[in-house]
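Trainee: Sequence plus the predicted model coming up.
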Amino acid sequence: MAKESFDKEIQFLRMLALTSGAFNRQQFADRLGISVHTFDKTIRRLKDIVSSTYQHLPEEQGKEFAETLKYSYYDSTDPMLLFLFRAKSVKESESQRLSLLLGAMNADALTAMELLDMCCSSLPAGVPQPDEKTIRSDLKYLEEVGVIRKEGASRPFRYRVHNDLVQQLSHEELIDLYDFVDVMANTQVPSVQGYLLRDGLKKHLLRNQVEQPAIEAFIYKYHYYSRILDEAHLFTLLNAIRQRHRVAFLYFSPKSEKSYGSKNTNPLFERESEGSAIKTLPLKVVYDHQYGRWYLLASGREGIRKYRMEGITRMETEDQPLSEEAFQAKRCELDEKMKYSWLIDTGLPVTVRARFYSPGDSEPNFVRARVLLQGQWGQIVDEDPYSFIYEITVNGTTEIKPWLRSFGSSCEVLEPVRLRREMIAEWKEILAYYEPFRENF
């Protein structure tokens, strides 16, 4: 798939999951900024991806696209929409060529020329024949990602699939490794690569068993679709940060009426996109575990800016790196602005004081334990048998407010007065929701 097409499918799946089919075709196309015809083409493309991803299942268990989105967590431990990453985000010819190369190198260590001859004789008719430069580029890519290893100290080098780990472990050790990867992929971020590693281990276990073993030891319910989909950009940004490269992308803010804009190649139908063209230097990526969102913090002409990764499309990386000194200066500026950030807020620091009430005679005091665990650099400055006062300095109160509110009646905001009034107003609004609308209700 082309890069733009991958962006389109990410936004398409995000909206389809979040709206649960509430939009009709025209509404969906308008929200994405595409035509109804493109909407239909994308649906067909995603159906093809789903059918190819689940082609190993018996026909009666094959998953239609709609069934995939409804999703039963008891049928599989896979999170919804992960199938997009299992689909090959490369051209079909590249996919076939890489499959042939890996199959050949799994049996023997081969040179680039031997692999070239094998590809030319094995590719189906109609598929473009690779040249030596293409094969060497494929080998370099596979070696960089750790799939193959180079053998020999002199030319011509031979290449073999790097699968020593699974070959040298016993069946019991592989089961333990599978369970560990399964737990980490479902509880840590980033997770997509963990899921793909888990799939590879699972296939290896199934290939070496006469009867299918019961290796699904855990069942997880997955909530955050954006966390999975946004990892499509994550490693591109992390690499740009490591290399000190600027990036350019088209950005759609959460308040924008559209979340995607098609890139028209025909100049007669070219139109101005509603997104914002951004060119910036990425400095840090932050994950918000409370809402399952990724944020990019970057430096541009207007200083430090924050972008939700779900609104990023058409990302490209510049080749010219920034100097080490200039990059570190930008990082120091960001660190100073985020010194008191609860998450990513870079506003003016304010001191928050809140009284937390102990839950009766229960031991241990779970309210106090949670405050100490989640309260970051805040401190308990006063305490008695019935309550304690927690104090912290943060950049603004927007990000800490949901955390304080989550304690319900166990938390009373004391300072600042503005935050206390905001909390009072919010709790009065919530109270109004529960007031009876008739006397005999």
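Mentor: Yes, it's here.
Trainee: Centre of the chain to stretch 283-303, how far?
Mentor: 13 Å (C-alpha atoms, centre = their mean, to the nearest Å).
Trainee: Next, the distance between the ends of that stretch.
Mentor: 12 Å (C-alpha to C-alpha, to the nearest Å).
Trainee: Report the buried residues of that stretch.
Mentor: Residues 283-285, 287, 292-299 are the ones in stretch 283-303 that count as buried (16 or more other C-beta atoms under 10 Å). Where you see a C-beta, it was placed from the backbone N, CA and C, and this is true even at glycine.
Trainee: Same question for stretch 184-204.
Mentor: 185-186, 189-192, 194-195, 197-199, 201-202, 204.
Trainee: pLDDT, distance to Lys8 and secondary structure for these - can I get that in TSV?
Mentor: Shown next, in TSV, are those (pLDDT from 0 to 100; distance: C-beta to C-beta, whole Å; DSSP: H, G, I helix; E, B strand; the rest coil):
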residue	pLDDT	distance to Lys8	secondary structure
Ala185	86	26	helix
Asn186	83	28	helix
Val189	86	24	coil
Pro190	87	22	coil
Ser191	85	23	coil
Val192	85	19	helix
Gly194	86	26	helix
Tyr195	84	22	helix
Leu197	85	27	helix
Arg198	85	27	helix
Asp199	81	25	helix
Leu201	85	32	helix
Lys202	84	30	helix
His204	81	34	helix
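Trainee: ok so, going back, now compare the buried residues of stretch 283-303 and name the two farthest from each other.
Mentor: Greatest spacing in those, by C-beta to C-beta: Gly292 and Ser299 (25.6 Å).
Trainee: Ile344 contacts Lys306, doesn't it?
Mentor: Yes. Assessed by C-beta atoms under 8 Å, Ile344 is found in contact with Lys306 at 5.5 Å.
Trainee: Pick out whichever of those two has more residues nearby.
Mentor: Applying other C-beta atoms under 10 Å to Ile344 and Lys306 shows that Ile344 carries more neighbours, namely 17 against 14.
Trainee: Look at the more buried one and tell me its secondary structure.
Mentor: Here Ile344 is recorded as coil under DSSP: H, G, I helix; E, B strand; the rest coil.
Trainee: if I look at it, how far off is Leu283?
Mentor: 11 Å (C-beta to C-beta, to the nearest Å).
Trainee: intersection of neighbour lists for those two?
Mentor: Leu297 (C-beta atoms under 8 Å, 6 or more residues apart in numbering).
Trainee: one step back: possible to save the buried residues of stretch 283-303 as a markdown table with distance to Pro364?
Mentor: A markdown table is the format used below for those (distance: C-beta to C-beta, whole Å):
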| residue | distance to Pro364 |
| --- | --- |
| Leu283 | 40 |
| Lys284 | 36 |
| Val285 | 36 |
| Tyr287 | 29 |
| Gly292 | 29 |
| Arg293 | 32 |
| Trp294 | 35 |
| Tyr295 | 34 |
| Leu296 | 39 |
| Leu297 | 37 |
| Ala298 | 43 |
| Ser299 | 45 |
